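K.L.:
Provide a 3D model corresponding to the input given below.
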Amino acid sequence: MHTQTQTPENDLTAYMEQLGHNAREAAASLRLASTDQKTQALKNMAAEIRMAQSDILGANTQDMEAAERKGISGSFLDRLKLNESRIEAMAIGLEEIAALPDPVGSVDETWTQPNGLKFSKVRVPIGVIGMIYESRPNVTADAGALCVKSGNACILRGGSESAQSSRAIHLALIKGLDAAGLPATAIQLIATTDRAAVGHLLGGLNGSVDLIIPRGGKSLISRVQSDARIPVLAHLEGLCHTYIHQGADLQKAEAIILNAKLRRTGVCGSTETMLLDGAIASTALPKLAGALLKKGCELRGDKASQLLHPEIKPAADNDYFTEHLAPVLNIRIVKNIDMALTHIAHYGSGHTDSIVTEDKDAAARFLKDVDSAICMHNTSTQFADGGQFGFGAEIGIATGRLHARGPVGAQHLTTYKYCVEGDGQVRPL
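P.N.:
Presented below is the predicted three-dimensional model:
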């Protein structure tokens, strides 16, 4: 079985450039790989993940113990932790990606010009994708699989805290590639935790890398956007809002806000701020706050909300800019939908925002006016997930405006070319 180049002891530059060269060669093979070959590789990867479960769990135990020694806790540890069910979910995710339609070669549109020339817009791989992520070791599998599905080679840089887990997962992935006859260098994991490696990757490795995708906290995203010399597909923090409009069904609103905040507090689709219409606040807030407090959620609110419930703590302005990733919910009472929209525009990150209302006009306005990647009506922001959209696993939620926006799945990791068919036509002088 082929393995990626080992880290040179004294020459990180040469090592990184070799990764880039390997990836470019692997991308050329993947671009021409058949759908069946890619599908088999993904199924192999799922099988290898299952067979390596004990090794992956052992590696994860090492990472968890090291993180705890560093004093790391809370949502970070939750994202880092693997167990049997999460490993099985990882394998199922690979199989779901295998079952998706192959985006490569699909035709977006066709048309014929008056001169008889036939035009087609055809999906093709991007090439080589660099992926930088923090504590989630499962991203190693998701990113590698989505890149293979879309015909791209990838160079992965996981967080140092998840290094052992990522290596164990990566070993299973390259075994799956090798068994399918695809180059093991199609998925390369940077084998050093030296931070300087990130700088090399952001420089593009002498033109080998076509796109950088960062997935992590604000500091990581800011560094990548500042230092990258190649295009970046950014995934900013999830400052998500749920707006309880005066036309809301309160029973529905209670179920939605409990799920949106507390289903999993460490995911980017978790609601961080609940906005509540003043017209219904006196009756709605005690009901909603009581349900949230009963589930162990800390509430921080403005003065108007504190007057309506004694257990709501004062919220600082910075709280509304904070992705808590914990059972902590901000609350603000707003006069009307205009104030809600203004709040979201000022404090939001353009990720996911939802309105709860039976008023169709208010819902239509919210969906039209909120400038976020995902806008929702009468549902939980925790549906901000590629699998829930039918995309399979995702690289993340893109909050920018170019190339891809929202959940980024396999089809979003392609670009296109134009194919033109003629019958002897020449352009007149």
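K.L.:
correct me, but residue 420 touches residue 117?
P.N.:
Yes - look at residue 420 against residue 117 with Cβ atoms under 8 Å: they come within range, at 5.8 Å. (C-beta placed from N, C-alpha, C; glycine too.)
K.L.:
quick one, which of these two is more surrounded?
P.N.:
The neighbour count for residue 420 versus residue 117, taken as other Cβ atoms under 10 Å, is higher for residue 117 (14 against 10).
K.L.:
so that one makes contact with residue 427?
P.N.:
No - the pair residue 117 / residue 427 is not scored as a contact, 10.0 Å apart, by Cβ under 8 Å.
K.L.:
what lies in contact with the helix or strand encompassing residue 420?
P.N.:
Using DSSP states H and E, residue 420 sits in strand 414-421. Applying Cβ atoms under 8 Å, 6 or more residues apart in numbering, the contact partners of strand 414-421 are 103-104, 108, 117-126, 150-151, 403.
K.L.:
swap in stretch 309-317?
P.N.:
Contacts for stretch 309-317 (Cβ under 8 Å, 6+ apart): 285-286, 289-290, 293, 298-303, 305-306, 330-332.
K.L.:
sort out which of the residues you listed are in strands and list them.
P.N.:
298, 299, 300, 301, 330, 331, 332 (DSSP state E).
K.L.:
and the second one, what does it touch?
P.N.:
Read it as residue 299. 289, 292, 293, 305, 309, 311, 312, 313, 328, 329, 331.
K.L.:
which residues in the stretch 251-400 of the chain form strands?
P.N.:
With DSSP state E, counting those that start in this stretch as the criterion, the stretch 251-400 of the chain has strands at 271-277, 298-301, 313-314, 328-334, 352-356, 374-377, 397-398.
K.L.:
looking at the ones you listed, which one is packed in the most?
P.N.:
Comparing the strands of the stretch 251-400 of the chain by mean neighbour count (mean count of other Cβ atoms under 10 Å), strand 352-356 ranks first with a mean of 30.
K.L.:
can I assume residue 298 is in contact with residue 328?
P.N.:
Yes - taking contacts as Cβ under 8 Å, residue 298 lies within contact range of residue 328: 4.6 Å.
K.L.:
where does pLDDT dip in the protein?
P.N.:
Low-confidence segments of the chain (pLDDT under 70): 1-10.
K.L.:
from residue 168, how far out is residue 141?
P.N.:
Residue 141 sits 11 Å away from residue 168, going by Cβ to Cβ, to the nearest Å.
K.L.:
before we move on, back to that, quick one: the strand holding residue 420 to chain centroid distance?
P.N.:
Centroid separation for strand 414-421 versus its chain: 27 Å, with Cα atoms, centre = their mean, to the nearest Å.
K.L.:
likewise stretch 327-336?
P.N.:
26 Å.
K.L.:
likewise stretch 221-230?
P.N.:
Centre-to-centre, stretch 221-230 and its host chain are 17 Å apart (Cα atoms, centre = their mean).
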